[in-house]
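**Student:** need coordinates for the following:
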Amino acid sequence: MTSTLFPLLRSLIPVLPLLVSSANAAEAIQTQATADGDVQVDVIQAATDQRILTVQLAYRNTSNVDLRIKYPVSGVYYIDERERKKYSVLRDSNGEWVAAPTAYGNIATQHGWGVEALPLQAGGKLIVWFKFPAPPASTTKINLVIPDVPPFENLVVSQQTQNGV
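**Tutor:** Got it, this is the predicted structure:
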C-alpha cells in the first residue's frame, strides 16, 4: 500500500497550494519569520496522538514576489529540554521520511528524477507537516527546529488522546 500511496501523494504536490483552505482557518500557535523576513512560518498544529507527534506548519509569503521553499528533512527536529533529548522526523519501513511534501529527502517536489523547490506565490500559503516520536506525556513544551527559521521555543504540545498505547 505504501508503494501506491507515495506516488499518489506526489501527484498532489502541484495542487497542494490549492488544498490549504481548511488550514486557512487554523490559528497559529506560534510564528517565526525567515531570515530575509519575506516568509512567516506558523505552527498550526503540535499534537500527540498515542505515540506520534504531528507538527503542521503554514508558510506564508508576505512579500510581493513569488518565492520557493526547499530544505532537507534531516534538518528538522525537536528538543525536549526536560528530558534532554533530540527527536528527528520519523521514517517508514522503506526509509522514507514521514512528512510531506517530500522529494528525495527534501521538503520539495519531485520533477522527473530531480528535485524542485516548492513554489510559494506572493501572498500565498503552503502547508508542510512532519511526524515525530512523541515526547513523554510529562513533556508539555518543546523547541522545534526548522532550517532557515529561528527555533520555535517553548512550543506547547497538546495531547489528542491519552490511552497510553
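**Student:** in the protein, which spans are helices?
**Tutor:** 2-12, 21-24 (DSSP state H).
**Student:** residue nearest the centroid of the chain?
**Tutor:** Trp129 (3.1 Å; Cα atoms, centre = their mean).
**Student:** who's in contact with it?
**Tutor:** Trp129 makes contact with Gln45, Thr54, Val55, Gln56, Leu57, Ala99, Ala100 under the criterion Cβ atoms under 8 Å, 6 or more residues apart in numbering. The C-beta positions use only the backbone N, C-alpha and C, and glycine is treated the same way.
**Student:** can you name the residues that contact the first one?
**Tutor:** Okay, so that is Gln45. With contact taken as Cβ under 8 Å, 6+ apart, Gln45 is in contact with Ala26, Ile29, Thr54, Val55, Gln56, Trp129.
**Student:** my guess is the first one contacts Ile44. True?
**Tutor:** Yes - taking Cβ atoms under 8 Å as the definition, Ala26 is a contact partner of Ile44 at 4.1 Å.
**Student:** find residues that contact each of the two.
**Tutor:** Between them, Ala26 and Ile44 share the contacting residues Gln56, Ala58, judged by Cβ under 8 Å, 6+ apart.
**Student:** can you pull the contacts of the nearest residue to Asp80 once chain neighbours are set aside?
**Tutor:** Leaving out its chain neighbours, the residue that sits closest to Asp80 by Cβ to Cβ, 6 or more residues apart in numbering is Pro135, at 4.6 Å. Neighbour list for Pro135: Thr48, Leu53, Tyr78, Asp80, Arg82, Glu83, Lys85, Tyr87, Ile142, Val157 [criterion: Cβ under 8 Å, 6+ apart].
**Student:** where does the protein have low pLDDT?
**Tutor:** Residues of the chain that meet the criterion pLDDT under 70 lie in 1-25, 161-165.
**Student:** what about Gln56, neighbour count?
**Tutor:** Gln56 has 17 neighbours, counted by other Cβ atoms under 10 Å.
**Student:** so Ala58 makes contact with Glu27?
**Tutor:** No - counting by Cβ under 8 Å, no contact exists between Ala58 and Glu27, whose distance comes to 10.2 Å.
**Student:** what about these two, which has more around it?
**Tutor:** Counted by other Cβ under 10 Å, Ala58 and Glu27 do not tie: Ala58 has more neighbours, with 20 against 6.
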